[in-house]
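# coords please:
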Amino acid sequence: MNTTHGAPAIGPNPPASLAPDVGALFDYKGREYRCKGWLRPAEPPTPGPDWADFIDEILYDAAYQREGVRFRWCHRHEATHVAGSGVAGCLAAIAHIRVTGQAQLPPDVLESERVRAQTLARSRRLVG
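You can find the predicted model right below:
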């Protein structure tokens with residue numbers, strides 16, 4: 001990962017309610033990660049008689065859980081957590097990270113990652 005430090009993405013730390021932008025470097029539990037997308041807790045599906053409702057329940061039950069909470073992709077302004085990449089990935093609460101800089105990636109790579117994060121946000125898909 002090319003993570004040469006530059007200027008912070010949003011000041012030294014984003015406000016607790018604002019997730020860092022895609023490409024921001026952050027520390028979490030003593031390790032460095034690069035922001036890849038934004039997450040928030042997923043609401044349980046509303047039961048209903050349609051097959052789609054049944055499928056939604058199955059997908060919700062099968063989704064990744066952390067401490068009993070399932071997550072879905074969302075837009076930056078809705079996020080309570082971020083997805084990070086590094087040696088391994090992470091799912092971290094915004095309040096528990098410290099933004100340290102910006103990954104020095106080619107502009108087209110950074111834009112491609114931002115488009116991917118925005119596409120996931122629009123999809124509202126559950127995390128894995």
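# So which residues of the chain form strands?
24-28, 31-41, 65-66, 69-73, 81-85, 90-93, 98-102 (DSSP state E).
# Out of these, which is closest to Gly128?
strand 69-73 (9.0 Å; Cβ to Cβ). No exception for glycine: its C-beta is placed from N, CA and C like everyone else's.
# other SSEs contacting the helix of greatest length in the chain?
In the chain, with assignment by DSSP state H, the single longest helix is helix 107-123. Applying 3 or more Cβ pairs under 8 Å, 6 or more residues apart in numbering; DSSP states H and E, one finds that helix 107-123 contacts strand 31-41, strand 69-73.
# pull the helix or strand with minimum mean pLDDT from the chain.
The weakest-scoring helix or strand in the chain, judged by mean pLDDT, DSSP states H and E, is strand 65-66 (a mean of 74).
# partners of it, with directions?
Here strand 65-66 is paired, per DSSP bridges, with strand 69-73 (antiparallel).
# what's the angle from the partner strand to helix 107-123?
Relative orientation of strand 69-73 versus helix 107-123 (axes from the mean of the first three to the mean of the last three Cα atoms, to 10 degrees): 120 degrees.
# Just give me the lowest mean pLDDT stretch among the helices and strands packed on helix 107-123.
Mean pLDDT values for the helices and strands packed on helix 107-123 show the minimum at strand 69-73, a mean of 91.
# Can you dump the C-alpha atoms of it in CSV for me?
What follows is strand 69-73 as a C-alpha-only set of coordinates in CSV (Å, rounded to 0.1, in the frame of the first residue of the first chain):
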residue,chain,number,x,y,z
VAL,A,69,-24.6,-5.5,15.3
ARG,A,70,-24.9,-5.9,11.6
PHE,A,71,-23.7,-3.2,9.3
ARG,A,72,-24.6,-1.8,5.9
TRP,A,73,-22.8,0.5,3.5
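# Many thanks, I have nothing further to ask.
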